[in-house]
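# need a 3D model of the sequence below.
(2 chains)
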Amino acid sequence: MSIAAFVLIGFMLTMYVLLDGYDLGVAAITPFVARTEREREGSMRAIGPFWNGNEVWLIAAGAALFALFPKAYASSFSGFYLPLIIVLWLLMGRGVAMELRSHFPSEIWHTFWDACFAISSALLILLFGVALGNLLHGVPLDAQGYFTGTFARLLNPYALLVGLFTVTALALHGCTFLVMRTSGPATERARRLAPRVWFAALLLYALVSLATLIAHRFELSWTAAIPVLTLAAFAWIYAAVRGGRERAAFMASSAWLATLMLQAAATMYPYLLPNLNRSIPGISIFDAAPSPTALASALTVTIAGLIAVLIYGSYVTRRLAGKVSVGE
Amino acid sequence: MDVVLADRLQFAFTVMFHYLFPITTMGIAPFVAFYTIKAWRGDREAETAAAFWTKIFAINFAIGVVTGIPMEFQFGTNWASFSSASGAVIGQPLAMEGTYAFFLESIFLGVLLYGKGRVAPALHAASGVCVWLGSWLSGFFIVATDAWMQHPVGYSLGADHHIRLTSLPAVLLSPFAWWQYLHVLAGAMVAGGFIIAGVGAYYLLSRREAALARRFVYSGTITALVFSMLAIFPTGDRNSATVTAYQPVKLAAMEGLFESTNGAPLAIIGMPDVHNRQLIDPVFVPDILSFLAYGNFNANVKGLNAYATELWPPVELTYYAYHVMVGLGTIFVAVAGLAVLWLVRKRLYDSRPLLWLLLLAMPFPYIANEAGWMTTEVGRQPWIIYGLMKTADGASQTVVTGETIFTLIGFVGMYFLLGVLFLYLTLREIGLGPSHEGVEGAVAEVRA
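Below you'll find the predicted structure:
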């Protein structure tokens, strides 16, 4: 059952990356593709109805972690105190910027909130990537499972590399979404930007893979099959972008991100917090889980709720789909 | 400063600021749903009202969400020992809040805000109801979490003193939770009623928006009267009963009863002198406390002296918070009752003194709601889980005072800014009025 809980948390985080990933990505590329205030507003309108629901996947995954693996929740949240609070503040800045910009008709007001939105979103992507890098690499933990390093320690070269890769990955995802859901000058710029971001992502992916292989001393396991899928999806994105197939490009980008998340989960398993100090084991899904009764009830209730969410969420998304068009 | 005190200050500050917004969203969500449905049925005025209250709702919702996320994180960041020990139980209602309430509220608010003209009118109207349902469900899961900390049920203690869940239904159906939840809803609806009525009164006083303003005053005052009565009876009364049964020392602190007494009097006012164990300048109504607590004028009510001082909650804060809530709650019945009486006599819309009263009443339901939560939470001390775990043992072991103070300063700064923005934007929307056509940027329509 611990494994089912691990899969569930992984699923929720993957949904978060696929969904909030596109609106984070759109926010990060908007300063580069939207030149005028109207064009920026077009980008915001494209993600406006969805971003809040998308972000709930992160909140729900956090709460599910609390219920399914309380010990891991407690030690990781208190151990990474400062970085988490910074993530919180960025989430706050982003939410406020998105919601309040439209309530006052002034160009200065809009420009300020657009900048706030783009910067906090870009920093969030970077921090999420750095967090992922640390989780893959392992973090220094003591015997009780508490983090013993410093904030600066978390900004190590490997983690920063993963962070940069994440920025390009979600920028690409954002490009494909913007192309699919808007039309206008900004859309054309996003269309031209996509292949360039694709090459940057490819380069960084190669670097991250190499660094990971070196860190793991070239020990390969069955998970070595996943990169094949990743590369296939990656090639599919390029073909779809070049071919002008907008929906296919977004689908390909989603599939590609999902394989990356699968890879990350396979690398970490069975640990939720792998220990950098190899003499002490990290926090595994078996140590952190509560009693079987609690686990069974949390799993049942969460899975039932998520099925309902997927049904009405996809229904609503289809109803609200359609292009936001920005004239000249 | 002691780290536990710093953690408590941070939690108290962030939760009290946060709660201002859910009071409003829970309180006006039914009105948003009501006007949205009326609009769907072809009521043009209601369409204007729906658009206006949806805007106010959206500002409150946005700030409620961004200030709510830190609450959920803080269990882990600042209260790791508590979370690790009790996560198997309280993680469940919190996770349910995410999957059952937040998604519903957020996804359908997207439809409500952006869906007009893009989705079928019936779906747009239904989204108002879904947002309402989401906001009320969210409140339930939070109250269920809190009620478990007040009166733990459905658990067993493992050999390692870890708390194991034995029954999720027991946690969700706990009578403590249900009476507390209904009371919280009544409180939010009192606020909602006074907000709607107060805004209506403002327009009538400024001689604008006459038709809509009358509708606001009409619905608002009736809602405020009904729910301010429900807040006292049965929900307030039943809440007191559960406190009497499970937390008698909290009851003694709330009432400022230092000595166990037969036929205990009810202190209407008075200032507690904890050192000398008495109330200063009190006004008592004889025997009433015994009656309210046990339905018998001669019943023995245990005073604070029946308990070791280490088990006392902070007496002054608990006492004042409770008295502020009860005092205001009584005044709400009087104000709303007077307004409804004038409404029935068809003279309310022209009675400027009463409209002024309704306008000035707007902030007070917020104070009463916050005071009610202070009574509950401060009165729970020194326990974080009543009878099971002390607050002092619940804090994170690895976080030091300096870190918490640093983040507290950050939160104070950000929330100050948010508060200013919120007031400015809300007052601006109210000033522009429902009939004002929103200046929607320059973006063109959406193609299917």
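# and the contacts of stretch B:131-146?
B:22, B:25-26, B:29-30, B:32-33, B:57, B:90, B:93-94, B:96-97, B:100-106, B:108-109, B:112, B:171-172, B:174, B:177, B:180-181, B:184-185, B:188, B:376-377 (CB atoms under 8 Å, 6 or more residues apart in numbering or on different chains). (Each C-beta comes from the backbone N, C-alpha and C, glycine too.)
# again, only using 6 Å
B:25-26, B:29-30, B:33, B:90, B:93-94, B:96-97, B:100-101, B:104-105, B:108-109, B:112, B:172, B:177, B:180-181, B:184 (CB atoms under 6 Å, 6 or more residues apart in numbering or on different chains).
# thought residue B:217 was touching residue B:198?
No - checked against CB atoms under 6 Å, the pair residue B:217 and residue B:198 is beyond contact range at 8.9 Å.
# list the buried residues for the lengthiest helix in chain B?
For chain B, the longest helix by residue count, based on DSSP state H, is helix B:3-40. Buried positions in helix B:3-40, judged by neighbour count with 16 or more other CB atoms under 10 Å in any protein chain shown: B:3-4, B:6-8, B:10-11, B:14-15, B:17-40.
# where does the prediction get shaky in chain A?
Along chain A, segments meeting pLDDT under 70 span A:217-223, A:327-328.
# give me that answer again for 50
A:328 (pLDDT under 50).
# all strands for it, in order.
A:182-183, A:271-273, A:283-284, A:323-325 (DSSP state E).
# which of those strands is buried the deepest?
Counting by mean count of other CB atoms under 10 Å in any protein chain shown, strand A:271-273 has the highest mean neighbour count of those, with a mean of 23.
# and that strand, how far from the chain's centre?
18 Å (CA atoms, centre = their mean, to the nearest Å).
# does that strand pack against any helices or strands, and if so which?
strand A:283-284 (3 or more CB pairs under 6 Å, 6 or more residues apart in numbering or on different chains; DSSP states H and E).
# show me what the strand it packs on packs onto, helices and strands only.
strand A:271-273.
# 8 Å - rerun?
helix A:70-79, strand A:271-273 (3 or more CB pairs under 8 Å, 6 or more residues apart in numbering or on different chains; DSSP states H and E).
# which other residues reach the longest one?
Helix A:70-79 is contacted from outside by A:62, A:65-66, A:84, A:141, A:144-147, A:272-273, A:283, A:287-288, A:290, B:73, B:75-78, B:80-81, B:83-88, B:91, B:396-399, using CB under 8 Å, 6+ apart.
# tell me who's in contact with residue 126.
Using chain A here. A:163-164, A:166-167.
# try chain B instead
Applying CB under 8 Å, 6+ apart, we find residue B:126 in contact with residue B:108.
# and the helix or strand hosting it, what's buried?
Using DSSP states H and E, residue B:126 sits in helix B:121-150. Within helix B:121-150, the residues that count as buried by 16+ other CB under 10 Å are B:123-150.
# residue in the stretch 151-300 of chain B with the shortest distance to chain A?
Residue of the stretch 151-300 of chain B nearest chain A, by CB to the nearest CB: residue B:165 (3.9 Å).
# touching, that residue and residue B:154? I think so.
Yes - between residue B:165 and residue B:154 there is a contact under CB atoms under 8 Å: 6.6 Å.
# what do the two both touch?
B:89, B:171.
# these two: which has the busier surroundings?
Between residue B:165 and residue B:154, residue B:165 has the larger neighbour count (other CB atoms under 10 Å in any protein chain shown), namely 26 against 18.
# OK, contacts around the more buried one?
Here residue B:165 is in contact with A:290-291, A:293-294, A:297, B:88-89, B:92, B:154-155, B:171 (CB under 8 Å, 6+ apart).
# can you name the residues bridging to it?
Assessed by DSSP bridges, residue B:165 has beta-bridge partners residue B:155.
# tell me the pLDDT of it.
Per-residue pLDDT puts residue B:165 at 89.
# what about it, distance to residue B:90?
9 Å (CB to CB, to the nearest Å).
# can you check residue B:239 too?
According to CB to CB, residue B:239 and residue B:90 sit 20 Å apart.
# and those two? Which one has more around it.
With neighbours defined as other CB under 10 Å, residue B:239 and residue B:90 compare such that residue B:90 has more, 26 against 20.
# the more buried one touches residue B:148, doesn't it?
Yes - under the criterion of CB under 8 Å, residue B:90 makes contact with residue B:148 at 5.9 Å.
# what sits up against stretch B:356-375?
Here stretch B:356-375 has contacts from B:15-16, B:19-20, B:23, B:27, B:183-184, B:187-188, B:190-191, B:194-195, B:197-198, B:200-202, B:205, B:217, B:220-221, B:254, B:317-318, B:321-322, B:324-325, B:328-329, B:331-332, B:335, B:338-339, using CB under 8 Å, 6+ apart.
# so how far is that stretch from its chain's centroid?
In terms of CA atoms, centre = their mean, the centre of stretch B:356-375 is found 10 Å from the chain centre.
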